[in-house]
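Novice: Here is the input, now give the coordinates:
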Amino acid sequence: MTGYRRMTTTVFAGAVLALGLATPTAAFASDYTSPPPSVTPQVLASQFERATVAEPKGETLPLTGSDVAEMALLGAGSVLVGVVVVRRGRRGTAPA
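Specialist: The predicted model follows:
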């Protein structure tokens, strides 16, 4: 089997498998909603007290040390990924 044919067969088999798994089989059953279920309405709001609104103590959310460390690592990782992408993009071009 050639590479192209193998790739085509794999993609086709994956699509058939995904379609088969995505098909909701219970929805196609004959007795799924016959007769339709009946629901009686109930009022539950009268059983509970209203919640009291808490007053905010500060104007901003607290910023913890772990948040700062995570943001610093995310920024450093983004810079490193950018450097790698730029270097790989420039590797194939020759100076004029």
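
Novice: Could you measure from residue 61 over to residue 74?
Specialist: Computed as C-beta to C-beta, to the nearest Å, the residue 61 to residue 74 distance reads 18 Å. Every C-beta, even on glycine, is put in place using the N, C-alpha and C of the backbone.

Novice: Compare these two and say which is more crowded by neighbours.
Specialist: residue 74 (10 against 7; other C-beta atoms under 10 Å).

Novice: ok, that one to residue 80 distance?
Specialist: Distance from residue 74 to residue 80, by C-beta to C-beta: 11 Å.

Novice: before we move on, what about residue 20?
Specialist: Distance of residue 20 to residue 80, given as C-beta to C-beta: 42 Å.

Novice: swap in residue 62?
Specialist: Applying C-beta to C-beta, the value for residue 62 to residue 80 is 29 Å.

Novice: Comparing the two, which residue is more hemmed in?
Specialist: residue 80 (10 against 6).

Novice: Pop out the phi and psi values for that one.
Specialist: Reported as degrees, to the nearest 10, the phi and psi values for residue 80 are phi -60, psi -40.

Novice: mind showing which ranges of this protein have poor pLDDT?
Specialist: Residue ranges of the chain with pLDDT under 70: 1, 22-34, 45-47, 58, 63, 92-96.

Novice: how about 90 then?
Specialist: Residue ranges of the chain with pLDDT under 90: 1-73, 84-96.

Novice: Mind jotting down where the helices sit in it?
Specialist: Using DSSP state H, the helices of the chain run over 3-22, 65-91.
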